[in-house]
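S.K.: next one to model:
(one chain, ligands or ions: 2)
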Amino acid sequence: MNVTSIATRPFDDQRPGTAGLRKKTRVFTQPGYLENFLQAVFDTVPDLRGGTLVAGGDGRYFNREALATLVGLAAGNGVRRLIIGQGGILSTPAASHLIRSRRADGGFLLTASHNPGGPDGDFGVKFNVASGGQAPESLTEAVYQASSALGRYLIADVSPPDLDRIGEQAAGEMIVEVVDPVGDYAALMERLFDFDRLRDLLTGGFRFRFDALHAVTGPYARDIFVNRLGAPEDSVLNGVPLPDFGGGHPDPNPVDAKHLVALMAAPDAPEFAAASDGDGDRNMILGRSFAVSPGDSLAVLAAQAHRVPGYADGLAGVARSMPTSRAVDAVAARLGIPCFETPTGWRFFCNLLEDGRIDLCGEESYGTSSSHAREKDGLWAVLFWLNLIAVSGRSVEELVRAHWTDFGRNAFRRHDYFVPEAARAAAVMEQLTGRLDSLPGSQGSGGVIDRAESFSYEDPVDGSVSANQGIRVFFDNGDRIVYRLSGTGTSGATLRVYLDRPVRGDDPSLPADGAAVGDLGGQAHELGDITRLTGLKEPTGVI
Ligand code: VG1
Ligand code: CO
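M.R.: Numbering: from 1, shown residues only. Ligands and ions are numbered 1, 2, ... in the order given. Presented below is the predicted three-dimensional model:
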């Protein structure tokens, strides 16, 4: 096998964000760009030499070409075995599971998640470690440092494998093993959920729709819902993965997937609808004319987990990202289990999961999962909800409203401000940071500010500290506002403002959606001086 060392110049923008390196596709297709980043990972994780690696992606434009490059780099860097999903496809949770079940030394996930795909869209690469979890901050930082000083990459001259043929092929001295991307994952779901009850539900007249949004979950949903559970064929919408996701924005939330919200508001609406994102790790759950807020979803799943086979023995603990609504905290308190609060990004849950401290965790950005994987998992959440419906005989709305009555409710909404000039978004954070000491005592429209601080997290497992993870402002009436900058965008900057207002149980005078936060968004806008600093009079996105 001929390995060539190719001289390269470093790129200065390869610092991974909230979940991997995400850039415009045209940035990734520049000569040497992908090669450099992959080489920086190989240089930073020497265990990959002689080891086993998993690779696959969400099927977006450039997926196959990037995998061909990875094959050359992996062989050139001495990887012994490279396991790839057939057709280059692996959902993020399935890849995490495969890394774990095959005891691989790591994996490359080719995805920019819900960001649009195509030559004018986005592409991304995420490196996951041997536990199946996202690389910790210390590792992504080391990769960035390596990328900034890179002078060469190592590539083997091997013919590209046939990614559509299941089985082993040689790529020089490396073995490429093409595997069914769905089978192992579906079998894991069968172990966690009551498939008999689910089959009874889905073949018994219960009408449901799962929208794969032309992204990676199509083949998974088809195998699980149609083949294994007997649901009618038309239960799975947009089930064929397309390189540009059919021109859509594969982000499962009521704004980007408003066609599903409309479907669920129609007179002949099915009982249940759900969707997942580009790489299959997010989920949106809808009942008839009712959208489940992600923080509520996490809280309901935690409160009801004992009714589902995989969690019948109880939960060791739960966790939520800091900006996520505090609904699950009340459940943890009732169950007498710990509730951890982590910075945004799934990587911060991974140590807690690995150490057995938590079993369920979630984020406000439509991400929920459990100790069965080290990534969030869209289809898992859908199956969990269906399992609860099957055993309780209740609808989505009934389950959520009963939860509110029992535990109280945290109304939640996120306001996003897309600011083309990144420095103007950063200015909002800077001026708030400068005022942290003087904010307590000032009066908002609902309450007085109790506490204002920049969130810093100390990982209880490895002691690492992550500072500046967002600014949170607490009011004496229970309201909470959080400000942070997005770390997944590929242009400009997005300021995220998270609004959390505790309200009385199931109060029929309040809207069932995020509008129940009332005037908190206006207060947050004023407090952040957002109009003056960014020029935006209102949020560019409300989710
Ligand atoms: C966003 C979400 C965050 C999520 C991340 C990756 O990050 O807010 O909760 O973990 O996306 O999800 P940010 O930095 O833009 O707020 V995914 O499905 O895009 O991998
Ligand atoms: Co995703």
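
S.K.: any idea how far ligand 1 is from the closest residue to ligand 2 within the stretch 1-150 of the chain?
M.R.: Per C-beta to the ion, S113 is where the stretch 1-150 of the chain lies closest to ligand 2, at 3.2 Å. Yep, even glycine has a C-beta here, placed from its N, CA and C like the rest. Distance from S113 to ligand 1, counting by C-beta to the nearest ligand atom, to the nearest Å: 3 Å.

S.K.: could you do S138 as well?
M.R.: Taking C-beta to the nearest ligand atom, one finds S138 at 18 Å from ligand 1.

S.K.: tell me, how many residues neighbour that residue?
M.R.: The number of residues packed near S138 is 11, by other C-beta atoms under 10 Å.

S.K.: got it, and P511?
M.R.: 11.

S.K.: which helix or strand contains it?
M.R.: Following DSSP states H and E, one finds P511 outside all helices and strands.

S.K.: quick check on it: phi, psi?
M.R.: With angles defined as degrees, to the nearest 10, P511 shows backbone torsions of phi -60, psi 150.

S.K.: need the pLDDT of it.
M.R.: P511 is assigned 94 on the pLDDT scale.

S.K.: for F208, which residues are in contact?
M.R.: By C-beta atoms under 8 Å, 6 or more residues apart in numbering, F208 lies in contact with L202, A231, S235, P270, E271, F272, A273, A274, L386.

S.K.: mind redoing it with 7 Å?
M.R.: Contact partners of F208, counting by C-beta atoms under 7 Å, 6 or more residues apart in numbering, are L202, A231, S235, P270, E271, F272, A273.

S.K.: quick one: buried residues of stretch 468-488?
M.R.: Buried residues in stretch 468-488, counted by 16 or more other C-beta atoms under 10 Å: 469-475, 478-488.

S.K.: circling back: okay, the contacts of F208 in TSV with secondary structure and distance to M1 next?
M.R.: What follows is the contacts of F208, written out as TSV (DSSP: H, G, I helix; E, B strand; the rest coil; distance: C-beta to C-beta, whole Å):
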residue	secondary structure	distance to M1
L202	helix	50
A231	coil	47
S235	helix	47
P270	coil	54
E271	coil	56
F272	strand	52
A273	strand	50
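
S.K.: could I get the residues you listed in TSV, plus columns for pLDDT?
M.R.: Below are the contacts of F208 laid out as TSV (pLDDT from 0 to 100):
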residue	pLDDT
L202	97
A231	97
S235	97
P270	97
E271	97
F272	98
A273	98
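
S.K.: Serialize those to JSON lines and add fields for neighbour count.
M.R.: Conversion of the contacts of F208 to JSON lines gives the following (neighbours: other C-beta atoms under 10 Å):
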{"residue": "L202", "neighbour count": "23"}
{"residue": "A231", "neighbour count": "25"}
{"residue": "S235", "neighbour count": "22"}
{"residue": "P270", "neighbour count": "16"}
{"residue": "E271", "neighbour count": "17"}
{"residue": "F272", "neighbour count": "24"}
{"residue": "A273", "neighbour count": "26"}
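
S.K.: could those residues go into CSV alongside distance to ligand 1?
M.R.: Shown next, in CSV, are the contacts of F208 (distance: C-beta to the nearest ligand atom, whole Å):
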residue, distance to ligand 1
L202, 26
A231, 25
S235, 23
P270, 25
E271, 26
F272, 22
A273, 19
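
S.K.: wait, isn't the residue of the stretch 1-150 of the chain closest to ligand 2 in contact with D277?
M.R.: Yes: between S113 and D277 a contact is recorded at 5.8 Å, counting by C-beta atoms under 7 Å.

S.K.: which of the two has more neighbours?
M.R.: Comparing S113 with D277 by other C-beta under 10 Å, the one with more neighbours is D277, at 34 against 27.

S.K.: quick one: pLDDT of M1?
M.R.: So M1 comes in at 81 (pLDDT).

S.K.: return the residues in contact with R326.
M.R.: Here R326 is in contact with N410, D500 (C-beta under 7 Å, 6+ apart).

S.K.: and for E168?
M.R.: By C-beta under 7 Å, 6+ apart, the neighbours of E168 are I175, E177.
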